[in-house]
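> Starting from these lines, generate the structure:
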Amino acid sequence: MEEDVPPNKRVEGRNGGMLPECMASDMDRNGGVTVKVIGPSFFRRRTNTEKYLILLVILLFVACVALVLVAAFTRTSDLPKNICLTANCVNTAASLLAAMDPLADPCEDFYQFACGSWNRLHTIPDDKSSISTFEVLSEKLDILLKDLLEEGLKPVDSEATKKAKVLYRSCINKSASEIIADNPLKRVLRELGGWPVLDPKWHNPDWSLELLLGELRGSFNLPVVLEQWIGPDDKNSSVNIIQIDQPGPGRLTLPSREYYLSGPEGQELLDAYYKLMVDVAVMLGADRRYAETQMKNVLDFEIELANITVPQAERHDQGLIYNNMTIGNLQSMVPRFNWLKYLMHFVVEPLTSSEEIVVYSEPYLKALNTLIQQYDRRVLTNYAIWFLIMKILPQLPNKYQGPYMEFQKVQNGILAPTIRWKHCVGFVNEAMGLALGALFVRENFPKESKDTALEMIHNIRSAFNELLQENHWMGEDTRAVAEEKANAMNERIGYPDMLTNPEELNAEYEGLNLDRSKFLENNFRILKFEAQKTLRKLRQPVNKDRWTTPPAQVNAFYSPNKNDIVIPAGILQPLFYSAHFPKSLNYGGIGVAIGHEITHGFDDKGRQFDKDGNMKEWWNAETIKDFRTQAQCIVDQYSAYRVAAINMTVNGKNTQGENIADNGGLKQSYRAYKKWVMRNGEEPLLPGINRTQDQLFFLNYAQIWCEASRPEDAIKKIRSSVHSPGTVRVLGPLSNSYEFAKAYNCPLGSTMNPVTKCSVW
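Numbers count the residues shown, from 1 in each chain. Sure thing, here's the model as predicted:
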């Protein structure tokens, strides 16, 4: 995410053919050949390398079949004139065919039709909880990044890119990490006054909850008990201001509040989590029986803490939860916590009780005021320091990884640790995404990709404005302001220019000193560096022309405070985009992603911000009422989707923003594509696939969301993600699309063409 997007407003905005031994063919009754896919157990016995080789062989086989078909057609006199026979077209058709299940009825289950074979051929790796098109693309990207990080230092390297390579080498150097062991962590625990679970006689005369939480925020960038950041004021987005909220998803030690409150069905995970807490404490020197008692108290506190958080589904109206007040006002509201003492411990500027702040979580803070009085300081300290240990646990030496993997098996279904180089690439990309991005774009991002994406943004925004004029529920005055906001959106494509300026890039990491043989120490240095970087924003004006999204990622973003669309370089690859794709595929891929991000400016949260990124009620009351009616249709539709494997329904309220964006993005991009066809004419068809360009548009859109998840991962996403499962991201928008139903000739009343459809934008 962009660093300027506050945590409570983050939005988001995602194969294969020679028959290998894993497939066998039999003659059917009519003399034809049917293909039987041998079960997934075959793949489980293969290494990851073997799996990828098998998939490569399958892809080559499908390509060969397509070539044979092309060759056969070329010998006939009735060859269609509009078939593309280039190698790129053959390979593209082969890739689409390899993922499809052509026996499925596209009007009954388009996800199965588009992704049925993909799901059979892509088994979930042991070190992952899921496999998806996004993850396959990310893995290809990681291989490129690995090569860049492992190459020697070059004269062209800036100080920033050198630091990224040093960080990677410190991570990959496991022998050095084992020698240093957990000593850096033990030093940090001593500096924090000790971890009470390690010492029954623990006593810290200088202890106060405010100072401990302030130290964890200022030196380790950790939102313990409180989410606190400095960023643009929602109602005056040119000014950075102190902001306070409850811990959001991923800001408790388990993924979301629902994990603590799910009753008997969640007890297995809580038991595994408690075991991890105790085991880690013992590894750090605690007596096991004492640790069992102490960490049980910590778990009880965590459950209470989760219980007083407000569910995310009830926090979609940003205007209702926004409260501008002074520190003094907050002190009166939550008197048992010394707010000035807490904030002044880490905020670099002087503060008084008259300092203005923004609070998003009055109910939570009032409940916290009572809760912290019910637990003694030993429990509170044990929890706060455990939060730090959980943050750093994946980076600790080998002996800690056994208990951590046992916990991961229960929480995510993961069966094996991540290969070290993958872990290290991911760590560097998260910690130093701009520096690593500079290495990536130097050799992997052609200018024409940026130009094409920019042209598509303009075309799709034009389509959005056309759809605005056809929007029956929106008043004329509000419609005019909506168009003004859409036209004011900033396009950020590929990477910021600063990545090509060594001086500017070096300034991003000035003061961050890393050691190639001290990985755990580097972790602590990065945490403090990031904390201080954010805190220095106070009193500084917001530079809305600056964007710092790391480019080497398969994702896209919208920032409400800047009214920015961000399309990183990493997502501009197949299936989303290729210079060799027909426009139908590019508009069905990256085009829909662009439309998705545009729509975020007008979803349940984005609609509350004006063209300048300020929270402002620019809708009249009647239009707001009508919007909520339209949005409720989406909420109800998605709430009815059930994930059969785990027998859970989608949370339509919590996912409504992303669902609205999916539906709007699909509609806008299709319209933009058809206008491109009107200007340029139809492109040649792909060989062997027997699909029109309109059908290919929707097919490529669907294949972006091919995925398979372990039950544990599916449960986690239902409970905590703002995105619907991939299956639903196909079925929902397409069943609302009249254009899809027409392209695939789906009869009215079929599953994919229901009589009642939902539409917001």
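> Number of residues surrounding residue 471?
A count of nearby residues for residue 471, using other Cβ atoms under 10 Å, gives 17. Just so you know, the C-beta spots here come from the backbone N, C-alpha and C atoms, and that holds for glycine as well.
> ok, and the closest non-adjacent residue to it?
Excluding the flanking residues, the one nearest residue 471 by Cβ to Cβ, 6 or more residues apart in numbering is residue 479, at 6.7 Å.
> could you check the distance from the one you found over to residue 223?
As judged by Cβ to Cβ, to the nearest Å, residue 479 and residue 223 stand 39 Å apart.
> Looking only at neighbour counts, state which of the two leads.
Legend: neighbour count by other Cβ under 10 Å for residue 479 and residue 223, higher for residue 223 (21 against 15).
> thought the more buried one was touching residue 252?
No. Using Cβ atoms under 8 Å, residue 223 is not in contact with residue 252, being 9.6 Å away.
> sorry, back to before: give the contact list for the residue nearest to residue 471.
Each residue near residue 479 by Cβ atoms under 8 Å, 6 or more residues apart in numbering is listed here: 468-469, 471.
> Check which element follows whichever helix or strand it is part of along the chain.
Residue 479 belongs to helix 476-488 when assigned by DSSP states H and E. Using DSSP H and E, the helix or strand that follows helix 476-488 towards the C-terminus is strand 490-494.
> so for that following strand, what's the average pLDDT?
The average pLDDT for strand 490-494 rounds to 92.
> got it, and stretch 313-325?
Rounded mean pLDDT across stretch 313-325 is 89.
> Tell me which residues are up against it.
Counting by Cβ under 8 Å, 6+ apart, 8-9, 233-235, 333, 356-362, 604-605, 608, 615, 617, 651, 653-654, 656-657 sit against stretch 313-325.
> Now, those residues that are in strands?
Per DSSP state E, strands hold the following members of the contacts of stretch 313-325: 233, 356-359.
> wait, which of the contacts of residue 479 is closest to residue 504?
Comparing the contacts of residue 479 against residue 504 with Cβ to Cβ picks out residue 468 as the nearest, at 38.0 Å.
> for the stretch 601-750 of the chain, what spans make up the strands?
Under the criterion DSSP state E, counting those that start in this stretch, the stretch 601-750 of the chain contains strands at 642-643, 648-649, 707-709.
> what's the closest of those strands to residue 493?
strand 707-709 (26.3 Å).
> who's in contact with the closest one?
So strand 707-709 is contacted by 14, 115, 119, 122-124, 129-134, 717, 725-727 (Cβ under 8 Å, 6+ apart).
> Enumerate every residue touching residue 306.
For residue 306, counting by Cβ under 8 Å, 6+ apart, the contacting residues are 252, 254, 257, 259-261.
> Figure out the helix or strand that it lives in.
Under the criterion DSSP H and E, the helix or strand holding residue 306 is helix 288-308.
> pLDDT of that helix, averaged?
Average pLDDT, helix 288-308: 96.
> And the next helix or strand past that helix?
Helix 288-308 is succeeded, C-terminally, by helix 318-321 (DSSP H and E).
> Work out the gap between that following helix and the centre of the chain.
Centroid separation for helix 318-321 versus its chain: 24 Å, with Cα atoms, centre = their mean, to the nearest Å.
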